[in-house]
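Asker: A predicted structure for the sequence below; I have some questions about it.
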Amino acid sequence: MTNETKYYAVVKLKKAELISPSESQLMSYYIDYGYTTISDVIEDYGESEMLREWYNNTNLNIEYKYNSNIFPIDWDSEFEEVDVIDKADWDTIYESTYV
C-alpha cells in the first residue's frame, strides 16, 4: 500500500458503486488528455466530474472493479450522480456492505 492520495465518492446510476481511485489510477486515465497533475484535472473538471469521467470510461469487469477500488452497493435511481464523500463516510458504507 502506498501513501498516495485517494479520492472518495459514491457513483449512483440505477445502481450505486463505492469508489476510491488512487491518484495514479486517475492519472493513468487523464494523462492521455495531456494532464500532468490531479490539481489541474480538478481545476478543469471539479472533483465530482473528474471522478464521473474516470468511472464512466474505465474498464469495469468484476476483477478490474475490485482492483480499482470500485464496490457495488444497493441503490436504484434513474439519474447519474456522483457524491464526493470523505474517507470516514466511505469506510462506514464499505464496512456495512462488505464486512
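Answerer: That came in fine, so what should we check first?
Asker: what residues are up against the residue lying closest to residue 20 once chain neighbours are set aside?
Answerer: Spatially, and ignoring its direct neighbours in sequence, residue 20 is nearest to residue 69 (4.3 Å; CB to CB, 6 or more residues apart in numbering). All C-beta spots, glycine's among them, are computed from the backbone N, C-alpha and C. For residue 69, the contact set (CB atoms under 8 Å, 6 or more residues apart in numbering) comprises 6, 19-22, 25.
Asker: Apply 7 Å and report the result again.
Answerer: Residues in contact with residue 69 (CB atoms under 7 Å, 6 or more residues apart in numbering) are 19-21.
Asker: Show me which of these is closest to residue 35.
Answerer: Taking CB to CB as the measure, residue 35 lies nearest residue 21 of the contacts of residue 69, at 14.3 Å.
Asker: show me what contacts that closest one?
Answerer: Residue 21 makes contact with 6-7, 54, 68-69 under the criterion CB under 7 Å, 6+ apart.
Asker: for residue 85, same thing?
Answerer: With CB under 7 Å, 6+ apart, residue 85 has these contacts: 8-10.
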